[in-house]
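A.B. asks: Got a sequence here, can you build the structure:
(2 chains, ligands or ions: 2)
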2 protein chains.
Amino acid sequence: MSKQLPKRSEDYSLWYNELVKRAGLAENSAVRGCMVIKPYGYAIWEKMQRTLDDMFKRTGHQNAYFPLFVPKSLFEAEEKNAEGFAKECAVVTHYRLQTDPDNAGKLRVDPNAKLEEELVVRPTSEAIIWSTYKGWIQSYRDLPLLINQWANVVRWEMRTRLFLRTAEFLWQEGHTAHATDAEALAETRQMLDVYAEFAEEHLALPVVKGVKTENERFAGAVETYCIEGLMQDGKALQAGTSHFLGQNFAKAFDVKFQTKDGGLEHVWGTSWGVSTRLMGALVMAHSDDEGLVLPPKLAPIQVVIVPIYKTGQLDELLERIRPIQMGLIARGISVKVDDRDTERPGFKFAEWELKGVPVRLAVGARDLDSGTVEVARRDTKEKMNLPLADIVNSIDQLLQDIQQNIYRKALRFREEHTTRVESYEEFKQVLDGKGGFVLAHYDGTSETEERIKEETKATIRCLALAEPAEEGVCIVTGKPSTRRAHFARAY
Amino acid sequence: MSKQLPKRSEDYSLWYNELVKRAGLAENSAVRGCMVIKPYGYAIWEKMQRTLDDMFKRTGHQNAYFPLFVPKSLFEAEEKNAEGFAKECAVVTHYRLQTDPDNAGKLRVDPNAKLEEELVVRPTSEAIIWSTYKGWIQSYRDLPLLINQWANVVRWEMRTRLFLRTAEFLWQEGHTAHATDAEALAETRQMLDVYAEFAEEHLALPVVKGVKTENERFAGAVETYCIEGLMQDGKALQAGTSHFLGQNFAKAFDVKFQTKDGGLEHVWGTSWGVSTRLMGALVMAHSDDEGLVLPPKLAPIQVVIVPIYKTGQLDELLERIRPIQMGLIARGISVKVDDRDTERPGFKFAEWELKGVPVRLAVGARDLDSGTVEVARRDTKEKMNLPLADIVNSIDQLLQDIQQNIYRKALRFREEHTTRVESYEEFKQVLDGKGGFVLAHYDGTSETEERIKEETKATIRCLALAEPAEEGVCIVTGKPSTRRAHFARAY
Ligand SMILES: [Zn+2]
Ligand SMILES: [Zn+2]
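C.D. replies: Ligands and ions are numbered 1, 2, ... in the order given. Just a heads-up that it's a prediction; the model follows:
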């Protein structure tokens, strides 16, 4: 904890990487582009998983597990999907190693153990899942089929960053099948809403809900919906996607069902996912130059108690602290008493600040005698003395306030960094200035979108669902436009 | 549900496979040796995971996540471990596919995207984890390091069976590091006890705790402890292992720590795991010719309510059933009301029997009028009429009775199938007769163990911890022996 973090204002990217490592969230591994998720980081991910999983189950979904590997012939069945992922997939070609005759103590791939058909390590599971669904779906009575999977996936990204873009990452992927396009579309939108609710109420991250343009659409989808958040450096981050697949995968894998009136039709599909990328969003959206700022709902430790004592008086003080600890635990609040006798309070304060614990109590014998406790909140760094008598209620309320305050702060930031522009000049000025979302008219063509991307590095994050129709002209070509798009530079 | 299951007595192996598929636990996939875990099967696995995870956390462990891939050079660092797994590992050699110029619409491995160093898909994670621990451990203050991971692993088995032996399976693997051999050994034994407690109290499976002989030891371990259960066909099944690794991996990966008095020493390690194999044990230990028999603690649905009604009266009856349902839910019991108007009660009874739901209520208007409910328990197939007034307490108690009864039945079976023999003749007779554990003296050599295995297909499941020292002579060579080993044919 001795070294200071780099400052956000000086090197945002370095600040992020150092913070992720020093706070104990993740680190790079010996495998190119793959990360190790460390216990503290994994504990946050587990909280995300548990919350999302409950939301999925409440909306009628069940979990299942499908193979890690996709045989090449299945992988290539849905052509656009295959094309989209072929360039970045890990391929298993052999199933055995043998002693290397030229290198004592070393192994080499056994040339006699070559697979007849190569296996792709799943970059996403539509192919393997839809080939399974063919066996599960015969009749309208088998529909809707509402399945989710928690899994690891691999995409061979060339430039990787902890959590934001890694060769292997953890995620959940929902894959559903429906009798009608309307039902499938409703599911797509429902899961978008679930993601938005999770982002706003748990991550404390306000998001824009929208639909992707064709350029940014998931390979194999008819329509891709997404939620987009804004990070403190003014760049956008896609935090979740929900795809309406139409009948694309049903046709590629020949999944048909008997309708109520005896017909035979292809089913309609959706898929939707969020990943450990959310960990990156969490860090980038809220944290500061002292370390993480965790929303209480996702903090593995919500309250840390640091005893303030003279040498030799720790045990006695810990005895007096126990009722506070127990009271908080009984309220369902996770508490850590930092009882290390080897570190000084200042060191402990800095460490728990770095780790983003929302509330810190500093408790000395004298405070207890006078019936008060010193309480510090991580988000605003305010300190206050609260009466011991009502401490559990006070802390409970404080945690709720912090959750809301972190959200409101992020929302205010987004509002201040959402700009409507009327010219390409202004567009570039805002992007190079304060950044954030830039709402502009464009002519709706991929060409214009591409040109803007090449010239400014800004992409269309989405056509926001809440954005009203509005007559206008494209900032680049001057052609007519009927709505503004959300542009931004993005992670 | 129309087709009968094969009978255990006629073809145990076919019975198992059919039951796993028809009950909706798992099925084979398009990938050789890999299974799809279906929603009902996955729901049971989730209950196992949740229970074990809580037990791990209560014993001080934290979860983390390490890469799926192991670079070949790390994989081969611990020589025995590498040797043990080299013959059955999936190897990634390329990171891209490209359009196949000879086959329109098909893909092929891009020869220009060959990895400089091959990546092994983890068959177990000691190598990647110990190479990480080198960065995490410097001082005695960093110890003990108590980490667990939930993950998928791949072992290229040639002959596979759903849950019992699959190329990919799900598991947890604990990996801990300690300052002393005594501490590491205590951890190894503690986790063995955790597994035994889980097996007996949740799976309702009595297990023998013991230590493996050198022949059966985990590749790279100094000592392998295990729990062994007995299946209904008289074969043993290893349900979990806990390895004392000594300093083997610390030496292979150069993981040293500064001791309290300033020395520098290699750390001591353990690893321990259970897998989706437990699902196979669960099925094989308790189920019958009508289907699954699930211990209530692991049953996704503990109580099913089947309404008995005349056409047109379902809704009215469901209204009257709701208070029973709500009462059970309020007690923390998971309940399913089978309100399908398209199936007859007999069909529903058979289906829930197949799926092993511990308690079934058949509820008609007349029963409700008379203040009773017909209750059937899955394990004994007993039916009884219970007073409606006290139904929640009765069911709660009944679920506890069923859990205990399933365990007691399995224990009785094991006791009846544990035989002490004094000659090789008798040994073979028991194996070919009733099967089960055969406790025999042997001379402690690998040669004799190998010979017995070749001649009888029985292996030493373990040297049971509870087995007392006893003078005797080897049943094969007549040489002196000081304790009996647990022999059995095994999965
Ligand atoms: Zn969007
Ligand atoms: Zn054993």
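A.B. asks: Which residue is the nearest non-sequential neighbour of residue A:179?
C.D. replies: residue A:143 (4.7 Å; C-beta to C-beta, 6 or more residues apart in numbering or on different chains). Any C-beta I mention is one placed from the backbone N, CA and C, and that applies to glycine too.
A.B. asks: OK, contacts around that neighbour?
C.D. replies: A:137, A:177, A:178, A:179, A:257, A:267 (C-beta atoms under 8 Å, 6 or more residues apart in numbering or on different chains).
A.B. asks: if we go to 10 Å?
C.D. replies: Applying C-beta atoms under 10 Å, 6 or more residues apart in numbering or on different chains to residue A:143 gives the contacts A:136-137, A:176-180, A:183-184, A:257, A:259, A:267-268.
A.B. asks: okay, now the nearest residue to residue A:313 once chain neighbours are set aside: neighbour count?
C.D. replies: Sequence neighbours aside, residue A:365 is the residue nearest to residue A:313 in space, at 7.0 Å (criterion: C-beta to C-beta, 6+ apart). Neighbour count for residue A:365, taken as other C-beta atoms under 10 Å in any protein chain shown: 15.
A.B. asks: for residue A:53, phi and psi?
C.D. replies: Backbone geometry at residue A:53, expressed as degrees, to the nearest 10, gives phi -60, psi -40.
A.B. asks: hmm, I was thinking of residue A:367
C.D. replies: Taking degrees, to the nearest 10 as the convention, residue A:367 sits at phi -60, psi -50.
A.B. asks: Low-confidence stretches in the stretch 1-150 of chain A?
C.D. replies: Residues of the stretch 1-150 of chain A that meet the criterion pLDDT under 70 lie in A:1-2.
A.B. asks: for the spatially closest residue to residue A:214 that is not a sequence neighbour, what are its contacts?
C.D. replies: Among residues not flanking residue A:214 along the chain, residue A:446 sits closest, at 6.3 Å (C-beta to C-beta, 6+ apart). Residues in contact with residue A:446 (C-beta under 10 Å, 6+ apart) are A:213, A:214, A:215.
A.B. asks: where do the helices sit along chain A?
C.D. replies: A:12-22, A:39-58, A:72-75, A:79-86, A:126-136, A:181-201, A:248-252, A:277-286, A:314-330, A:345-354, A:365-369, A:391-416, A:424-432, A:446-456 (DSSP state H).
A.B. asks: buried stuff in the second one?
C.D. replies: Right, helix A:39-58. A:39-48, A:51-53, A:55-56 (16 or more other C-beta atoms under 10 Å in any protein chain shown).
A.B. asks: Write out the residues of chain A neighbouring ligand 1.
C.D. replies: A:210, A:226, A:228, A:461, A:462 (C-beta under 5 Å from the ion).
A.B. asks: Output those residues in TSV; the columns should cover pLDDT.
C.D. replies: Putting those into TSV (pLDDT from 0 to 100) gives the following:
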residue	pLDDT
A:210	98
A:226	98
A:228	98
A:461	98
A:462	98
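A.B. asks: Which residue is it, in chain A, that comes closest to ligand 2?
C.D. replies: As assessed by C-beta to the ion, ligand 2 sits closest to residue A:65 within chain A, at 28.0 Å.
A.B. asks: What residue in chain A comes nearest to ligand 1?
C.D. replies: The nearest approach of chain A to ligand 1 comes at residue A:462, 2.4 Å away (C-beta to the ion).
A.B. asks: isn't that residue right next to residue A:223, touching?
C.D. replies: No - with contact defined as C-beta atoms under 10 Å, residue A:462 does not count as touching residue A:223 (11.3 Å).
A.B. asks: the more surrounded of the two?
C.D. replies: Neighbours were counted for residue A:462 and for residue A:223 using other C-beta under 10 Å; residue A:462 has more, 26 against 17.
A.B. asks: Contacts only, for the closest residue to that one other than its chain neighbours.
C.D. replies: Among residues not flanking residue A:462 along the chain, residue A:210 sits closest, at 2.7 Å (C-beta to C-beta, 6+ apart). Residues in contact with residue A:210, defined by C-beta under 10 Å, 6+ apart, are A:192, A:224-228, A:460-467, A:485-486.
A.B. asks: if we can go back for a sec, shouldn't the residue nearest to residue A:313 be in contact with residue A:310?
C.D. replies: Yes - using C-beta under 10 Å, residue A:365 is in contact with residue A:310, at 8.6 Å.
A.B. asks: and for those two, which residues touch both?
C.D. replies: residue A:317.
A.B. asks: Neighbours of residue A:162, how many?
C.D. replies: When neighbours are defined as other C-beta under 10 Å, residue A:162 has 23 of them.
A.B. asks: and it, what does it touch?
C.D. replies: Per C-beta under 10 Å, 6+ apart, neighbours of residue A:162: A:16-17, A:19-21, A:25-28, A:35-37, A:41, A:276, A:279-280, A:283.
A.B. asks: Those, buried ones only, as a ChimeraX selection?
C.D. replies: Burial among the contacts of residue A:162 is assessed by 16+ other C-beta under 10 Å; the matching ChimeraX selection reads:
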select /A:16,17,19,20,25,26,27,28,35,36,37,41,276,279,280,283
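A.B. asks: restrict the contacts of residue A:162 to contacts with ligand 2.
C.D. replies: Among these, no residue lies close to ligand 2 (C-beta under 5 Å from the ion).
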